[in-house]
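Q: The sequence and its predicted three-dimensional model are supplied below.
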Amino acid sequence: MDNGRPAGHGVVGKAFYKSIPVMAGYIVLGIGFGILLRSAGYGVLWALAMSVFIYAGSMQYVGVGLLAGGASVITTILTTLMVNARHLFYSISMIDRYRDSGKYKPYLIFALTDETYSLLCDGKTPEGEDPNKYRFLVSAFNHSYWVAGSVAGSLLGTVLPFSAEGIEFAMTALFLASFTEQWIENKDHTPAITGVVSTLLCLLIFGAERFLIPAMLLITLVLTLLRKRTVNAA
Amino acid sequence: MKSGVLVAVMAAVTILLRFLPFWVFKGKTPAYITYLGKVLPPAIIGMLVIYCLRSTSIQAAPHGLPELIAAAVVIGLQAWKRNALASILTGTAAYMMMVQLVF
């Protein structure tokens, strides 16, 4: 995604540099989560446990509502499946990449959030470094920002002393930069166009609250049909 | 007690979703999945861009203008310098200035 410019020496510095774009967004969104959770009556240990073990941003925000409203186990299962179904996609597209990651594999799979995925999905790792260790460190740095933000938000329990309005755009910018970089790197732009057009279409049809799962299905369908076409043509 | 169960359920279901494809395709990866692994990343990132911008209203003022300008800054800078960190920080700073000071 970037040109691999190292911030310090060795694999830790390179992984840290790669993770910096996620830092601000995760800390601020984590603080928001901690504040929300605390206002629902759940203290710092809850924030810590949820951010360590669930580690899925939008699900944790939704989860505050489930906890506060005393949702049933069935509702919680179904909601989590709906909100987090996209993680199936991330894992499917990382199967070959993570296949031989050895002792790092369980954590790499566990920590595959939207943002970590966007940093690692192009498959590039710095030359001369263990790619699995590098991916592990990038994942762990991101995780630590999210946990730190959640705990800070829970302890502060109040908004930041300065206006951070608009900082959530950091996540949008992260995906936009990744999208642009992949657009430049890939000769075939059909997958990128498929992703954007299918999602826009589903947003218009299904509305902002429930378009994500239809969009994923449509993307898979279109890409599958495109594959059949290229296979038949060959 | 009940809240603890719900947190555990959320964690377990999320872990299940993340691990399931790895369990299903444990042996040799089918060619179809390898194909998806190649074409899905740009498509998913495109999807996430739209997902992030889903609540942006084009009808109501400021008509998505801050998002549009900031997105152009990120894309332009990234295409020019190929430095993700610089693109993201500049685009986010531009967006924050616009929503706090201009619009």
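A: All right, it came through fine.
Q: what bits of the chain have low per-residue confidence?
A: Unless you meant another one, I'm taking chain A. Within chain A, the stretches with pLDDT under 70 are A:1-8, A:158-162, A:230-234.
Q: For A:Ile31, see how far away A:Leu120 is.
A: 25 Å (Cβ to Cβ, to the nearest Å). Just so you know, the C-beta spots here come from the backbone N, C-alpha and C atoms, and that holds for glycine as well.
Q: can you list the domains in the chain?
A: In the absence of a named chain, this looks at chain A. Listed domain ranges for chain A are A:10-170, A:186-234 (source: automatic domain parsing).
Q: wait, chain B
A: Split into domains by automatic domain parsing, chain B comes to B:1-38, B:48-103.
Q: Now do the end-to-end distance for the longest one.
A: Spelled out, that is domain B:48-103. 25 Å (Cα to Cα, to the nearest Å).
Q: related to what we said a few turns ago, and among the domains of chain B, the most buried is which?
A: Of the domains of chain B, the one with the most neighbours on average (mean count of other Cβ atoms under 10 Å in any protein chain shown) is domain B:48-103, at a mean of 18.
Q: for that one, the distance to its chain's centre please.
A: Here domain B:48-103 is found 13 Å from its chain centre; the criterion is Cα atoms, centre = their mean, to the nearest Å.
Q: How about stretch A:39-52?
A: The answer for stretch A:39-52 is 20 Å, by Cα atoms, centre = their mean.
Q: Now that stretch - C-alpha only, PDB.
A: Output in PDB follows, covering the C-alpha atoms of stretch A:39-52 (Å, rounded to 0.1, in the frame of the first residue of the first chain):
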ATOM      1  CA  SER A  39     -22.800   5.200  29.500                       C
ATOM      2  CA  ALA A  40     -24.800   2.000  29.200                       C
ATOM      3  CA  GLY A  41     -23.500   1.000  32.700                       C
ATOM      4  CA  TYR A  42     -20.500  -1.300  31.800                       C
ATOM      5  CA  GLY A  43     -17.100  -0.300  33.100                       C
ATOM      6  CA  VAL A  44     -13.500  -0.600  32.000                       C
ATOM      7  CA  LEU A  45     -13.200  -4.400  32.400                       C
ATOM      8  CA  TRP A  46     -16.100  -4.900  30.000                       C
ATOM      9  CA  ALA A  47     -14.500  -2.500  27.500                       C
ATOM     10  CA  LEU A  48     -11.200  -4.400  27.800                       C
ATOM     11  CA  ALA A  49     -12.800  -7.800  27.500                       C
ATOM     12  CA  MET A  50     -14.900  -6.900  24.400                       C
ATOM     13  CA  SER A  51     -12.100  -5.200  22.600                       C
ATOM     14  CA  VAL A  52      -9.600  -8.000  23.300                       C
END
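Q: so does that stretch get close to chain B?
A: Yes. On the criterion Cβ under 8 Å from any Cβ of the partner chain, stretch A:39-52 is in touch with chain B at A:42, A:46, A:49-50.
Q: In strands only, show me those.
A: Secondary structure assignment (DSSP state E) places none of these within strands.
Q: can you pick the most crowded of those residues?
A: Within these, A:Met50 tops the neighbour count with 25 neighbours, counted by other Cβ atoms under 10 Å in any protein chain shown.
Q: which residue does chain A bring closest to chain B?
A: A:Gly195 (3.0 Å; Cβ to the nearest Cβ).
Q: returning to what we had before: what two of the residues of stretch A:39-52 next to chain B are the furthest from one another?
A: A:Tyr42 and A:Ala49 (9.5 Å; Cβ to Cβ).
Q: Check the gap between B:Gly64 and A:Lys105 for me.
A: Distance from B:Gly64 to A:Lys105, by Cβ to Cβ: 41 Å.
Q: no, scratch that, I was asking about A:Trp146
A: 21 Å.
Q: Those two: which is more packed in?
A: Neighbour totals were compared for A:Trp146 and A:Lys105, and A:Trp146 leads with 27 against 15 (other Cβ under 10 Å).
Q: which secondary structure element contains that one?
A: helix A:131-156 (DSSP states H and E).
Q: Only the buried residues of that helix, if you could.
A: A:131-143, A:145-154 (16 or more other Cβ atoms under 10 Å in any protein chain shown).
Q: ok, now stretch A:163-173?
A: Across stretch A:163-173, burial judged by 16+ other Cβ under 10 Å covers A:164, A:166-173.
Q: all strands for chain A, in order.
A: Here chain A has no strands by DSSP E.
Q: Spatially central residue in it, please.
A: The centroid of chain A falls nearest to A:Asp114 when counting by Cα atoms, centre = their mean (1.4 Å).
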